[in-house]
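K.L.:
I would like the atomic coordinates for the input below:
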Amino acid sequence: MEVDEEQLSARPALETEGLRFLHVTVGSLLATYGWYIVFSCILLYVVFQKLSTRLRALRQRQLDRAAAAVEPDIVVKRQEALAAARLKMQEELNAQVEKHKEKLRQLEEEKRRRKIEMWDSMQEGKSYKRNAGRPQEEDSPGPSTSSVIPKRKSDRKPLRGGGYNPLSGEGGGACSWRPGRRGPSSGG
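P.N.:
Modelled structure (predicted):
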């Protein structure tokens, strides 16, 4: 019995000595390189997440390519839909171009008509600067619409008093001229 007790007491001493050695070794390692280990673990985690996302996307693309290669009907339908959409967009563009050409043609026709009217009025001795949109009526009876009765100046209220002179420096109130600052301009 005594032999068994010696073996039992010897074993825990070896185990505690091994645990102490492990504690001292790991403790000193963590004390020396602890922050480096923490940051490297975080960096490895982030890199692993990025790579796993890219790998999933790559696998998905490979599966899509395999599915598209297996089903040529889907590819043909997709290409037909794309061609139809392009044709529709081209037709809309052509319609817009036609509208624009028609508008330009109308503007050119209007411009040509005005030039002809201006030339005719110059040949007849009339003023060519009149508005071509409103033709003059020479034979119309009654008062002429082109003659406007001008207002007399005395009816209007003067803006300032009669004795106002901007160069005198009087009567301007708070607004008076002051020379600018000397030195380089501060704009920049």
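K.L.:
Report the rounded mean pLDDT for the strand or helix carrying Arg114.
P.N.:
Assigned by DSSP states H and E, Arg114 falls within helix 72-124. Confidence over helix 72-124 (mean pLDDT, whole number) is 93.
K.L.:
now do stretch 43-55
P.N.:
Mean predicted confidence for stretch 43-55 is 95.
K.L.:
so what does the lengthiest helix in the chain touch, helix or strand wise?
P.N.:
Assignment by DSSP state H gives helix 2-70 as the longest helix of the chain. On a contact count with 3 or more C-beta pairs under 8 Å, 6 or more residues apart in numbering; DSSP states H and E, helix 2-70 meets no helix or strand. (Each C-beta comes from the backbone N, C-alpha and C, glycine too.)
K.L.:
just the angle between that helix and helix 72-124, please?
P.N.:
With axes from the mean of the first three to the mean of the last three C-alpha atoms, to 10 degrees defining the directions, helix 2-70 sits at 50 degrees from helix 72-124.
K.L.:
where does Pro179 land in three-state SS?
P.N.:
coil (DSSP: H, G, I helix; E, B strand; the rest coil).
K.L.:
Before we move on, what's the pLDDT of it?
P.N.:
For Pro179, the pLDDT comes out at 76.
K.L.:
Is Lys126 in a helix, a strand, or coil?
P.N.:
coil.
K.L.:
Relative to Arg112, how far out is it?
P.N.:
When distance is defined by C-beta to C-beta, to the nearest Å, Lys126 is 19 Å away from Arg112.
K.L.:
Between these two, point out the one with more neighbours.
P.N.:
Using other C-beta atoms under 10 Å, the more surrounded residue of Lys126 and Arg112 is Lys126, with 13 against 10.
K.L.:
Tell me which residues of stretch 111-127 come out buried.
P.N.:
For stretch 111-127, the buried set under the neighbour-count rule, 16 or more other C-beta atoms under 10 Å, comprises 118, 121.
K.L.:
what do you get for stretch 64-79?
P.N.:
Under 16+ other C-beta under 10 Å, stretch 64-79 has no buried positions.
K.L.:
For that stretch, list the C-alpha coordinates in CSV.
P.N.:
C-alpha atoms of stretch 64-79 as CSV (Å, rounded to 0.1, in the frame of the first residue of the first chain):
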residue,chain,number,x,y,z
ASP,A,64,-24.6,29.7,-64.3
ARG,A,65,-22.3,29.1,-67.2
ALA,A,66,-22.8,25.3,-67.0
ALA,A,67,-26.6,25.8,-66.9
ALA,A,68,-26.5,28.2,-69.8
ALA,A,69,-24.3,25.8,-71.8
VAL,A,70,-26.7,23.0,-71.1
GLU,A,71,-29.9,25.0,-72.1
PRO,A,72,-29.3,26.6,-75.5
ASP,A,73,-33.0,27.6,-75.7
ILE,A,74,-32.6,30.1,-72.9
VAL,A,75,-29.5,31.6,-74.6
VAL,A,76,-31.5,31.9,-77.9
LYS,A,77,-34.4,33.5,-76.1
ARG,A,78,-32.2,36.0,-74.3
GLN,A,79,-30.5,37.0,-77.5
